[in-house]
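Undergrad: Have a look at this prediction, sequence included:
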Amino acid sequence: MRFSYVYYITVIAGNEGVPDALQKCHSMSRDLQNNQTVIFSHLSDLRFQISNVTIQLVNIQHGLHQVQEWVHAAPELANVPKDLKALSTTVVSLGSQIRDLDSTVTTLKETNTRIQNIQTTMLQNITNIQHTVSELINITQKPQILTTNETKLKTEELNAAILRVTNNLTHVNETLSRTLQWTSEDQKKDHKILNSLLDTTQNVSTKVISLQGEYAKISEQITTLPSLTEQVKQIYAASMELNDKLKRLEQSYIAVKNSTTAMLNTITEIRNEKRIINDQDTREMPIEGSQNVQRISTNT
């Protein structure tokens, strides 16, 4: 009988400790459920961020594909910098030629002015000489009463000198006329060349401005390519990092879920054990009562 009494006290002590353990298990279960809710929330946020990153990657890939299509559709755009450099060199050369022609035209104008001044002077001299010759002819044609051999010789020498001067002046006049004609023709040719160069320069300038506009657009697009590539790399790295975090969170969630399952199983086992102990206590109570009755009757 003493052995049964000790067993009954031990069972009661075990039953008294069970509610505290169950309370702790329930508290831990609630904490785990709260943690699961927080983890689910974080997982939802990460999925939303990954979805946004995926959309951005698709947009960037579309933009890169469009730029590649533009470059493939117009391969000459790749040579725009070289063409601009060549055109710039051509414009510089044309500018130098125009400056040279300008100086040449200025020189020709100055030469023409000097020739015209010389021509005017020569014409004035010719007019004066002709007037003098006319006067001399009139004088020589007058009848003279006394004509000596010396006067006759001087008159012949004077006529010969006048003839030489007249021939020389005629030759000079013809030379100056031809020179002026050549100069005028050269000026006309230079003027045509200058107008042609000016038209060419204007066309080249227009083409350069057009190419500069296209080059600015292409340069802007080409400039954005490295930044787009860098953004793609950064987004890809961020996506990989988010995927790693997501995997770690999923692993943590699985571990927490397994721990929760194990904890719930433990709680179930403890409840089962408590129910078994309670059943045993229920069965032991009548036995102990009969033992107490027998003990009282024996003492009596």
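TA: Thanks, I have the structure now.
Undergrad: ok, residue 177 - how many residues close by?
TA: Residues within reach of residue 177, counting by other C-beta atoms under 10 Å, total 11. The C-beta positions use only the backbone N, C-alpha and C, and glycine is treated the same way.
Undergrad: now stretch 157-167, how far from the chain's geometric center?
TA: Shown here is stretch 157-167, whose average C-alpha point lies 85 Å from the average C-alpha point of the whole chain (C-alpha atoms, centre = their mean, to the nearest Å).
Undergrad: got it, and stretch 112-123?
TA: On the basis of C-alpha atoms, centre = their mean, stretch 112-123 is displaced by 64 Å from the centre of the chain it belongs to.
Undergrad: starting at the chain centroid, how far to the top helix by length along the chain?
TA: If you go by DSSP state H, the chain has its longest helix at helix 149-299. What separates the centre of helix 149-299 from the centre of its chain is 4 Å, taken as C-alpha atoms, centre = their mean.
Undergrad: pLDDT on it, on average?
TA: Per-residue confidence for helix 149-299 averages out to 72 on the pLDDT scale.
Undergrad: Going forward, the N-terminal residue is numbered 511.
TA: Let's use 511 as the start, then, which means that last one is helix 659-809.
Undergrad: For that helix, which helices and strands make contact with it?
TA: Contact partners of helix 659-809 among helices and strands, from 3 or more C-beta pairs under 8 Å, 6 or more residues apart in numbering; DSSP states H and E: helix 512-583, helix 590-651.
Undergrad: Return the member of those helices having the minimum mean pLDDT.
TA: Lowest mean pLDDT within the helices and strands packed on helix 659-809: helix 512-583, a mean of 65.
Undergrad: in stretch 707-715, what's buried?
TA: Judged by neighbour count (16 or more other C-beta atoms under 10 Å), stretch 707-715 contains these buried residues: residue 711.
Undergrad: swap that for stretch 713-722, please
TA: Neighbour-count burial for stretch 713-722, with 16+ other C-beta under 10 Å as criterion, is recorded at 718, 721.
Undergrad: and that stretch, C-alpha only, in PDB?
TA: Extracted as PDB, the C-alpha positions of stretch 713-722 are listed here (Å, rounded to 0.1, in the frame of the first residue of the first chain):
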ATOM      1  CA  ASN A 713      25.500  73.000 -99.300                       C
ATOM      2  CA  VAL A 714      28.300  71.500 -97.200                       C
ATOM      3  CA  SER A 715      27.300  73.600 -94.200                       C
ATOM      4  CA  THR A 716      23.700  72.500 -94.600                       C
ATOM      5  CA  LYS A 717      24.800  68.900 -94.900                       C
ATOM      6  CA  VAL A 718      27.100  69.300 -91.900                       C
ATOM      7  CA  ILE A 719      24.300  70.800 -89.800                       C
ATOM      8  CA  SER A 720      22.000  67.900 -90.800                       C
ATOM      9  CA  LEU A 721      24.700  65.300 -90.000                       C
ATOM     10  CA  GLN A 722      25.400  67.100 -86.700                       C
END
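Undergrad: Please name the residues that touch the residue lying closest to residue 762 once chain neighbours are set aside.
TA: If you skip the residues right next to it in sequence, residue 762 has residue 549 as its closest partner in space, 6.8 Å away by C-beta to C-beta, 6 or more residues apart in numbering. Under the criterion of C-beta atoms under 8 Å, 6 or more residues apart in numbering, the neighbours of residue 549 are 759, 762, 763, 766.
Undergrad: Need the buried ones from those selected in ChimeraX.
TA: Written as a ChimeraX command, the selection of buried residues from the contacts of residue 549, which uses 16+ other C-beta under 10 Å, is:
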select :763,766
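Undergrad: hmm, which two among the contacts of residue 549 are most spread apart?
TA: Using C-beta to C-beta, the contacts of residue 549 reach their maximum pairwise distance at 759 and 766, which is 10.0 Å.
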